[in-house]
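Student: only geometry, no sequence info:
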Ligand SMILES: Cc1cc2nc3c(=O)[nH]c(=O)nc-3n(C[C@H](O)[C@H](O)[C@H](O)COP(=O)(O)O)c2cc1C
């Protein structure tokens, strides 16, 4: 598969079978993250791998919408970033997260980004989704939790992107207008 084909076929997958994801697959996904480019090579990210069903279910409940697929996921990888290391921490974390999405797709697994940073917690009065995730995964206060990558064997098929239907109008040659 070429990189363009991988880009076409990678879709957010939110339904998973109960089949376990191997340690080898998780290792490959993490290796892809650890090879991410980062500003000044400061590599401000840390990754928490969660497999315990009980914790996955609690993570699924961290937001009202957008995180429920974690109930079915075999693995979650929490992307934490240290904002004191670089002002590009969100970019660096996002690149690492996307590397994992691409690697998961390349090895035939389903994956989806779950936004945590800046999102409210599900239950009123419990603060942010980030605070909840930090407590559940014992993440130190100085770290920001950008997102969670939910991973599992696919239980839904999604169409690849149609190259003819891309938003080519967003491309501007030489000048914006
Ligand atoms: C920064 C970012 C935040 C996202 N947050 C969520 C989320 O919280 N829950 C979710 O189900 N999908 C989330 N997604 C996935 C997007 O909904 C998805 O990428 C988009 O709809 C395009 O679909 P595709 O990934 O299948 O191409 C997020 C994606 C990005 C890049």
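Tutor: Good, I have the coordinates. What you see is a predicted model; the values in this text were computed from it and never measured. Residues are numbered from 1 along each chain as shown.

Student: Listing request: residues of the chain with sub-threshold pLDDT.
Tutor: Low-confidence regions of the chain, defined by pLDDT under 70, span residues 124.

Student: Just give me the longest strand of this protein.
Tutor: strand 144-152 (DSSP state E).

Student: And the helices in the chain?
Tutor: Assigned by DSSP state H, the helices in the chain fall at 3-9, 23-34, 53-60, 89-106, 129-137.

Student: who does the longest strand of the chain pair up with?
Tutor: When pairing is defined by DSSP bridges, strand 144-152 lines up against strand 75-81 (antiparallel), strand 110-115 (antiparallel).

Student: Which one of those lies nearest to residue 174?
Tutor: strand 110-115 (33.1 Å; C-beta to C-beta). Every residue, glycine included, has its C-beta placed from N, CA and C.

Student: Contacts for that closest one, please.
Tutor: Identification of contacts with strand 110-115 by C-beta atoms under 8 Å, 6 or more residues apart in numbering yields 12-16, 59, 63, 66-67, 69-70, 76, 97, 100-101, 104-105, 147-156.

Student: 6 Å instead?
Tutor: 12-14, 16, 67, 69, 101, 104, 147-152, 154 (C-beta atoms under 6 Å, 6 or more residues apart in numbering).

Student: what's near enough to touch the residue nearest to residue 77 when sequence neighbours are not counted?
Tutor: Nearest non-adjacent residue to residue 77, counting by C-beta to C-beta, 6 or more residues apart in numbering: residue 149, 4.5 Å away. The contact partners of residue 149, taken as C-beta under 6 Å, 6+ apart, are 77, 97, 100, 111.

Student: So in terms of bridging, what pairs with the first one?
Tutor: When you say that, I think you mean residue 77. residue 49, residue 149.

Student: ok, how many other residues are close to it?
Tutor: Number of residues near residue 77 (other C-beta atoms under 10 Å) recorded here: 23.
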